[in-house]
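# let's see this in three dimensions:
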Amino acid sequence: MLQAVLNGSRPADAHPALPIQARHLARDARAVARLGLTAVHVHPRDPDGEETLDPVHVGDAVALIRHEVPNMEIGVTTGRWIQPDPKKRIDAVLAWGRLDHGRPDVCSVNVHEKGWVDVCKAAASVGIGVELGVWTMGDAVTLRQNGVPPSTVRVLAESTVSDPATAVAEAVRILRALGSLPVPVMLHGEEDGAWPVLEYALRMGKDTRIGFEDVLVRPDGWLATGNDDLVRSALAFRP
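Residues are numbered from 1 along each chain as shown. Got it, this is the predicted structure:
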């Protein structure tokens, strides 16, 4: 799988083509679907452009993407930086389950965040799958000690080292710490480490992802024109 991560936490002025509003997320989802992708991950925003877990705005973004690309897997974040209170994150996820066409297929849950197990249980109770974010070897150990929740569709191994010379080595350390898992692992990097880790993931036959959440420039260092530009560059690495 190659997943498109369309916006992440970046501010609106990070790139002229960064999709913030729901209709722009839907536009970019349609563009990457035309390139053969079947999964996107988005960070819905409120009218001020701030990240939100509010069911109104999450539902709007997901429903518009689903209207444009009916067969696309749509994932959203549950990041603690958006809502620090685990109880309120759980309440938000439970509310997403009542959104009909606006219900996400998957939500990302970071293993290092307080309350992550309960957020996973809430997602499972309303039929939403989970992407487990593992950022460090310590996170990998935590996951192995707790076990993979039954609602998990994949583990997201994230090399947060942006130095291109060491990003792959960090990714390998996380993979080794994870060991054998009952679900697929999606491996990715960020910023200057994004392309080296993506290339490594594809070479090793791992799922991976690309998009403005992770990097703004193409492998040649030029600013990408859009998420579809980044996806085309990623597809060129496929064996």
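
# quickly find the element holding the residue nearest the centre of the chain.
For the chain, residue 41 is the residue whose C-alpha lies nearest the centre (Cα atoms, centre = their mean; 4.5 Å). Using DSSP states H and E, residue 41 sits in strand 39-42.

# same question for residue 74.
Residue 74 belongs to strand 73-77 when assigned by DSSP H and E.

# residues making contact with the following helix or strand past that strand?
Using DSSP H and E, the helix or strand that follows strand 73-77 in sequence is helix 86-96. Residues outside helix 86-96 that contact it (Cβ atoms under 8 Å, 6 or more residues apart in numbering): 53-55, 58-59, 76, 78, 80, 83, 102-104, 107, 113-115, 118-119, 122-123, 125-126, 128. Backbone N, C-alpha and C define where each C-beta goes, glycine included.

# can you give me the buried ones in the helix or strand following helix 86-96?
Once helix 86-96 ends, the next helix or strand along the chain (criterion: DSSP H and E) is strand 106-110. Residues of strand 106-110 classed as buried under the neighbour-count rule (16 or more other Cβ atoms under 10 Å) are 106-110.

# over to stretch 147-163?
Counting neighbours by 16+ other Cβ under 10 Å, one finds that the buried residues in stretch 147-163 are 148-149, 151-159, 161.

# check contacts around residue 123.
By Cβ under 8 Å, 6+ apart, the contact set of residue 123 is 93, 107, 109, 129-130, 151.

# out of the residues you listed, which one has the lowest pLDDT?
Across these, the smallest pLDDT goes to residue 151, namely 93.

# excluding its backbone neighbours, what's nearest it?
Distance criterion Cβ to Cβ, 6 or more residues apart in numbering; nearest residue to residue 151, sequence neighbours excluded, is residue 124 at 3.4 Å.

# so the one you found is in contact with residue 149, correct?
Yes - between residue 124 and residue 149 there is a contact under Cβ atoms under 8 Å: 6.9 Å.
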